[in-house]
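Participant: Sequence unavailable; structure follows:
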(Lines give C-alpha, C1' and ligand atoms only; values in the text may rest on other atoms or scores of the structure.)
Protein backbone atom coordinates (compact mmCIF):
# COMPACT_ATOMS: atom_id res chain seq x y z
CA UNK A 1 0.00 0.00 0.00
CA UNK A 2 1.35 3.43 -0.87
CA UNK A 3 0.83 6.30 1.52
CA UNK A 4 0.03 9.89 0.54
CA UNK A 5 2.83 12.44 0.67
CA UNK A 6 0.98 14.52 3.25
CA UNK A 7 2.03 13.53 6.80
CA UNK A 8 -1.45 14.19 8.23
CA UNK A 9 -3.05 11.90 5.65
CA UNK A 10 -0.46 9.20 6.35
CA UNK A 11 -1.13 9.42 10.08
CA UNK A 12 -4.88 9.26 9.53
CA UNK A 13 -4.55 6.16 7.31
CA UNK A 14 -2.25 4.48 9.84
CA UNK A 15 -4.71 5.26 12.63
CA UNK A 16 -7.58 3.84 10.58
CA UNK A 17 -5.59 0.67 9.88
CA UNK A 18 -4.68 0.31 13.57
CA UNK A 19 -8.33 0.81 14.59
CA UNK A 20 -9.45 -1.83 12.09
CA UNK A 21 -6.86 -4.31 13.37
CA UNK A 22 -7.84 -3.64 16.98
CA UNK A 23 -11.52 -4.15 16.11
CA UNK A 24 -10.72 -7.46 14.43
CA UNK A 25 -8.60 -8.58 17.38
CA UNK A 26 -11.33 -7.55 19.83
CA UNK A 27 -13.90 -9.61 17.94
CA UNK A 28 -11.57 -12.62 17.89
CA UNK A 29 -10.90 -12.37 21.63
CA UNK A 30 -14.62 -12.05 22.36
CA UNK A 31 -15.47 -15.09 20.22
CA UNK A 32 -12.77 -17.24 21.80
CA UNK A 33 -13.75 -16.17 25.32
CA UNK A 34 -17.44 -16.90 24.70
CA UNK A 35 -16.58 -20.30 23.26
CA UNK A 36 -14.35 -21.07 26.25
CA UNK A 37 -17.13 -20.11 28.67
CA UNK A 38 -19.60 -22.36 26.85
CA UNK A 39 -17.16 -25.26 27.09
CA UNK A 40 -16.60 -24.62 30.80
CA UNK A 41 -20.37 -24.55 31.42
CA UNK A 42 -20.54 -27.99 29.79
CA UNK A 43 -17.82 -29.20 32.17
CA UNK A 44 -19.82 -27.74 35.05
CA UNK A 45 -22.95 -29.57 33.88
CA UNK A 46 -20.96 -32.80 33.78
CA UNK A 47 -19.71 -32.22 37.32
CA UNK A 48 -23.27 -31.52 38.44
CA UNK A 49 -24.39 -34.84 36.97
CA UNK A 50 -21.59 -36.69 38.76
CA UNK A 51 -22.51 -34.98 42.03
CA UNK A 52 -26.17 -35.96 41.58
CA UNK A 53 -25.14 -39.58 41.03
CA UNK A 54 -22.99 -39.50 44.15
CA UNK A 55 -25.85 -37.98 46.16
CA UNK A 56 -28.28 -40.61 44.90
CA UNK A 57 -26.06 -43.48 46.07
CA UNK A 58 -27.88 -44.71 49.16
CA UNK A 59 -25.03 -47.05 50.01
CA UNK A 60 -22.40 -44.36 49.84
CA UNK A 61 -19.16 -45.28 51.53
CA UNK A 62 -16.47 -42.90 52.75
CA UNK A 63 -14.80 -42.84 49.34
CA UNK A 64 -18.00 -41.67 47.69
CA UNK A 65 -18.55 -39.03 50.33
CA UNK A 66 -14.92 -37.94 49.99
CA UNK A 67 -15.20 -37.61 46.21
CA UNK A 68 -18.37 -35.58 46.63
CA UNK A 69 -16.69 -33.33 49.18
CA UNK A 70 -13.81 -32.71 46.77
CA UNK A 71 -15.91 -32.14 43.65
CA UNK A 72 -18.62 -29.87 45.08
CA UNK A 73 -16.28 -26.96 45.97
CA UNK A 74 -14.39 -27.34 42.68
CA UNK A 75 -17.64 -27.07 40.74
CA UNK A 76 -18.58 -23.97 42.74
CA UNK A 77 -15.20 -22.36 42.02
CA UNK A 78 -15.54 -23.20 38.32
CA UNK A 79 -19.03 -21.71 38.16
CA UNK A 80 -17.93 -18.53 39.94
CA UNK A 81 -14.90 -18.10 37.67
CA UNK A 82 -16.94 -18.52 34.49
CA UNK A 83 -19.60 -16.14 35.80
CA UNK A 84 -16.96 -13.48 36.47
CA UNK A 85 -15.57 -13.84 32.93
CA UNK A 86 -19.06 -13.65 31.42
CA UNK A 87 -19.80 -10.49 33.42
CA UNK A 88 -16.82 -8.85 31.72
CA UNK A 89 -18.22 -9.67 28.29
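Facilitator: Arrived safely. Keep in mind that what you see is a predicted model, and the values were worked out from it rather than measured.
Participant: Please state the offset of the helix or strand that contains residue 23 from the chain centre?
Facilitator: Residue 23 belongs to helix 7-56 when assigned by DSSP states H and E. How far helix 7-56 lies from its chain's middle: 7 Å, per Cα atoms, centre = their mean, to the nearest Å.
Participant: tilt between the helix or strand following it and helix 7-56?
Facilitator: Later in the chain than helix 7-56, the nearest helix or strand by DSSP H and E is helix 62-88. Between the axes of helix 62-88 and helix 7-56, defined by axes from the mean of the first three to the mean of the last three Cα atoms, to 10 degrees, the angle is 150 degrees.
Participant: The most centrally placed residue in the chain and residue 81: what is the separation?
Facilitator: By Cα atoms, centre = their mean, the mean C-alpha position of the chain lies nearest to residue 37, the distance being 3.4 Å. Residue 37 sits 10 Å away from residue 81 when distances are taken as Cβ to Cβ, to the nearest Å. Heads up, the C-betas are built off the backbone N, CA and C, glycines and all.
Participant: before we move on, what about residue 42?
Facilitator: 15 Å.
Participant: go on, residue 32?
Facilitator: To residue 81, residue 32 is 16 Å away according to Cβ to Cβ.
Participant: hang on, the earlier thing: would you confirm that the residue nearest to the centre of the chain contacts residue 86?
Facilitator: Yes - with contacts defined as Cβ atoms under 8 Å, residue 37 counts as touching residue 86 at a distance of 5.5 Å.
Participant: which stretches of this protein have low pLDDT?
Facilitator: Applying pLDDT under 70 to the chain flags the ranges 1-5.
Participant: Kindly recompute the last result at 80.
Facilitator: Scanning the chain for pLDDT under 80 picks out the ranges 1-5, 58, 60.
Participant: Report how many residues lie close to residue 86.
Facilitator: Residues near residue 86, counting by other Cβ atoms under 10 Å, number 14.
Participant: Of residue 42 and residue 81, give the one with the bigger neighbour count.
Facilitator: Higher neighbour count among residue 42 and residue 81: residue 81, with 13 against 10, using other Cβ under 10 Å.
Participant: Perfect, I'm done here.
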